[in-house]
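Enquirer: pasted the sequence and its predicted model underneath.
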Amino acid sequence: MRALWVLARLRVLDVVRSRSATFAFLGLPVLILLVLAAVFGSGHPFEVRRVTVVQGAGELDAAVARLAAYEGVRVEREPELEVARRKLETRATDAVLERGADGTLRVVVGSKDELWGRGVAGLLPHARLELVQLDRLGYVRYLFPGLLCSSVMFAGLFGMGYAMARYRRNAFLKKLSTTPLGRGTFVLAQILGRGSLVTVQAALLLAVAIVGFGLRPTLGGALSAALVCAVGLFVFSGIGFALATLIETEAVVSDVISGLTLPFTLFSGVFFPLDTLPKGLVAVCALLPSTLMIDAVRATLLYGAGFATIVANLGGLCLWGVLTFGLSVRLFRWHE
Amino acid sequence: MSSPIVSLQGISRRYGAFEALSDVSFRIDAAGVVGLLGPNGAGKSTLLDVLAGLATPDSGSLSLFGEPLQAGAPYPRRRVGVVLQREFVPDHVTVADYAELFAAIQGVQGGAQRIIAQARLEGRSKLAVDRLSGGEAQRLFVAASLVHSPELLLLDEPSARLDPVSKRELSELLRRVSAKTCVLMATHDLNEAERVCDHCLFILGGRLRAQGSTAELMATSGASTLEEAFFHFCSARLNPSGDAA
């Protein structure tokens, strides 16, 4: 019986004596609860309906103002009709307001959304409702960039964070530090190794999405998305690197990365657009590297956005990369 | 007269309140095997860490190959080889992978084959390192640390966990290497030290207790074996702190 208590006590002390393990065990669940409260505190995200107004629709400003006055309705403007239609197809928006070739104002919604569409059309003088059959896999295509970016994100976090913590714990880094190997070479090798694996993973995911789910990216869009993912891998490797410098063991690094999964997913628009969050939080979320990456990949892969559209996101990602690697290099130590 | 390979003058190193090394001074002038002997916690690993550039002394001066090592100054890694007390190899890394990695880091053409040949693992190069026996793995680690022909080889308890045959093989390898290289080896195996070491350093409580050729140390202490000399100089069982040996 005494052995039972001693063993149980040792197990508790194993966590309590490590600051990072204590945070992972006690702090992370509370953090996750707060994240969920922030995301769902204003209601279910799908309660909010979106209307995309194709710019150039003329005297629509008054109509837009009327729609926007409703709680639970978000109105956004989109210059390209084709992009607006693709957003409807992928369920990124619930209605498209456009002017037809004959000059009539049209409210375009999916056939399952007729009731909602009638409500919107009823608010707008002379608007005509148009029902379209939406591909049932459209929302899967919306999810795809988020899934792709999550793979990149965790490849970076685990590939660098877990490996670095493990190598340091097992004195492999100490061994390497007795050789002429530079830390830059070591870090770059980790990124290259992980990058080659992620490339294969991403190509496989893309192939499945094209064959199985009707994704039709342009070559330029695919190349732009690949560039964003490469920069994203660099950024998340930097974050993993920073975690490994701050946390003692690979097990706790793993716990922390797992704990970050939910906030990163919910605050980066993997499942639904971020505009359902409180405004202040939206502004913060928009600056997260995961959001910058997902938005840019979604724009290029799904909506055919050109390179110029994602330059700001790429710039933001590069800034994150410089910050995380700068911090990590300052804190880096080869051995305990 | 050529510069000493290793020269320490008044080296001290603390970890918090614990004084791991205190005023350690010695020099090594020529190739050969030097044994670093002392009980657990005596400061052997700290001393090797200081010599390997992994820890910075709090005071004192250290020179390698006649060049003083100052804080922030580059460490002559291409002239030193190190085998740690516990070597780790990532999962699934084969003998060939490991040899190739260290040959590449040291920039030695054909070094991988040399490492494998020196470790006598030609038939096992495709095997994962963690599948090797303790003796085979240790031969590989030593061979990898020698690929760039270092002038100084630092080994921290290389024969720990080895069976007698493997220990004997390692001793023979170190004897061969010591013809051109200064081998500084921390060990608890006094029989091995007596067999292999040309010189010995006895350390206790972070202080150097005695140094000299193996034969001299035995003669000075009136001992017939190095083990007897060890207890004479270190009094490890009676006074492990080393305060009043």
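Expert: Nice, thanks for sending it over. Numbers count the residues shown, from 1 in each chain, chains lettered A, B, ... in the order given.
Enquirer: where's residue B:194, which helix or strand?
Expert: helix B:190-196 (DSSP states H and E).
Enquirer: which helix or strand lies directly C-terminal to that helix?
Expert: strand B:199-204.
Enquirer: check which helices and strands that following strand sits against.
Expert: Contact here means 3 or more C-beta pairs under 8 Å, 6 or more residues apart in numbering or on different chains; DSSP states H and E; on that basis strand B:199-204 packs against strand B:18-28, strand B:32-37, strand B:207-213, helix B:214-221, helix B:226-234. The C-beta positions use only the backbone N, C-alpha and C, and glycine is treated the same way.
Enquirer: and these, which is most packed in?
Expert: strand B:32-37 (a mean of 25; mean count of other C-beta atoms under 10 Å in any protein chain shown).
Enquirer: just to revisit the earlier point, list the buried residues of the helix holding residue B:194.
Expert: Buried positions in helix B:190-196, judged by neighbour count with 16 or more other C-beta atoms under 10 Å in any protein chain shown: B:190, B:192-196.
Enquirer: which outside residues touch that helix?
Expert: The contact list for helix B:190-196 (C-beta atoms under 8 Å, 6 or more residues apart in numbering or on different chains) reads B:33, B:35, B:37, B:159, B:167, B:171, B:174-175, B:185, B:187, B:200, B:214, B:225-227, B:230.
Enquirer: how many neighbours does the nearest residue to residue A:177 once chain neighbours are set aside have?
Expert: Of all residues not flanking residue A:177 in the chain, residue A:334 sits nearest, at 3.6 Å (C-beta to C-beta, 6 or more residues apart in numbering or on different chains). When neighbours are counted by other C-beta atoms under 10 Å in any protein chain shown, residue A:334 registers 18.
Enquirer: where does residue A:334 sit: helix, strand or coil?
Expert: Three-state call for residue A:334 (DSSP: H, G, I helix; E, B strand; the rest coil): coil.
Enquirer: how much space is there between it and residue A:171?
Expert: 9 Å (C-beta to C-beta, to the nearest Å).
Enquirer: and chain B, which residues reach chain A?
Expert: B:52-54, B:77-78, B:80-82, B:84, B:86-90, B:102, B:105-107 (C-beta under 8 Å from any C-beta of the partner chain).
Enquirer: just the buried residues from these, in ChimeraX please.
Expert: In ChimeraX syntax, the buried subset of the residues of chain B next to chain A is picked out as below (16+ other C-beta under 10 Å):
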select /B:52,53,54,77,80,81,82,84,87,88,89,90,102,105,106
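Enquirer: report pLDDT for residue 137.
Expert: All of this refers to chain A. The score at residue A:137 is 92. That number is its pLDDT.
Enquirer: hmm, I had chain B in mind actually
Expert: 93.
Enquirer: and the closest residue to it other than its chain neighbours, how far from residue B:121?
Expert: Take residue B:137 and drop its neighbours on the chain: the residue closest to it by C-beta to C-beta, 6+ apart is residue B:129, 6.1 Å away. Applying C-beta to C-beta, the value for residue B:129 to residue B:121 is 10 Å.
Enquirer: overlap in contacts, the two.
Expert: With C-beta under 8 Å, 6+ apart, residue B:129 and residue B:121 have common neighbours B:95, B:140.
Enquirer: give me every residue that touches whichever residue of the stretch 201-336 of chain A sits closest to chain B.
Expert: Residue nearest to chain B within the stretch 201-336 of chain A (C-beta to the nearest C-beta): residue A:335, separated by 6.7 Å. The neighbourhood of residue A:335, defined by C-beta under 8 Å, 6+ apart, consists of A:168, A:171, A:173-174, A:177, B:54.
Enquirer: next, the residue lying closest to residue B:77 once chain neighbours are set aside: phi, psi?
Expert: Nearest residue to residue B:77, sequence neighbours excluded (C-beta to C-beta, 6+ apart): residue A:180, at 4.4 Å. Note on residue A:180: its backbone torsions stand at phi -80, psi 0 [degrees, to the nearest 10].
Enquirer: what about chain B, any weak spots by pLDDT?
Expert: Within chain B, the stretches with pLDDT under 70 are B:1, B:236-245.
Enquirer: now do the strands in it.
Expert: B:6-15, B:18-28, B:32-37, B:59-64, B:67-68, B:80-83, B:152-156, B:182-187, B:199-204, B:207-213 (DSSP state E).
Enquirer: the last one to helix B:226-234, inter-axis angle?
Expert: Meaning strand B:207-213. 140 degrees (axes from the mean of the first three to the mean of the last three C-alpha atoms, to 10 degrees).
Enquirer: ok, the third one next?
Expert: If you take the same axes, to 10 degrees, strand B:32-37 sits at 60 degrees to helix B:226-234.
Enquirer: what angle do strand B:32-37 and strand B:18-28 make?
Expert: 160 degrees.
Enquirer: in its sheet, what does strand B:32-37 sit against?
Expert: Looking at strand B:32-37 with DSSP bridges, its partner strands are strand B:182-187 (parallel), strand B:199-204 (parallel).
Enquirer: ok, and what's touching it?
Expert: B:28, B:44, B:47-48, B:174-175, B:178, B:182-188, B:190, B:193, B:196-203, B:214, B:226, B:230, B:234.
Enquirer: only whichever of these are buried, select them in PyMOL.
Expert: Of these, the buried ones go into a single PyMOL selection, burial set by 16+ other C-beta under 10 Å:
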select buried, chain B and resi 28+44+47+48+174+175+178+182+183+184+185+186+187+190+193+196+197+198+199+200+201+202+203+214+226+230+234
